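K.L.:
Here is a sequence with its predicted model. Questions after.
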Amino acid sequence: MGTNSNLTIVFTTGAFDLFHFGHVCFLREAKKYGDYLLVGVHSDRTIAKYKGRLPVMNLMERMAVVDSCKYVDRVIVAKMTSEVDENFYKKWKINLHLQGDDGGDWYELPKKLGIFKLLPECKIFSTTEVIRRVKEDYPRIINKESFK
């Protein structure tokens, strides 16, 4: 990130497990709100704690995939928003903290700072949906006869 203080820096966090179309849709929309998109990827331990399950992909895999998305400018390991202080937002010069509507409300600090916005998620697709499809469609997916 350059030293240009006129950049609007947008921040978001997530698990980004089994990176899919819904993630791309969300990150594309998030990028529209600023010049620089900083994405925090939660650790495996954090995901297990808050989602009640381990991610399928490990942290390094998830970070690499998110980093390859053309809408993302930088990827960092993220703590839960409820576990960061104001210095985090100052250090990264964050102007806007965007999150999808995941049902949780861990965003007290960015709300207090007046930089929080809820961005409706692309409900077309979710990681839960990917897992469901694989579980239900696995016999069809591996059946070579389906391709003839």
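P.N.:
Yep, it's here.

K.L.:
mind checking the longest helix of this protein?
P.N.:
When the chain is parsed with DSSP state H, its longest helix is helix 127-142.

K.L.:
what's that helix in contact with?
P.N.:
Residues from elsewhere that reach helix 127-142 (C-beta atoms under 8 Å, 6 or more residues apart in numbering): Ala15, Asp17, Leu18, His20, Gly22, Val56, Ser146. Just so you know, the C-beta spots here come from the backbone N, C-alpha and C atoms, and that holds for glycine as well.

K.L.:
Mind listing what's buried along that helix?
P.N.:
Thr127, Val130 (16 or more other C-beta atoms under 10 Å).

K.L.:
picking that back up, with respect to Tyr107, which of the contacts of helix 127-142 is nearest?
P.N.:
Relative to Tyr107, the closest of the contacts of helix 127-142 is Ala15; by C-beta to C-beta it sits at 16.0 Å.
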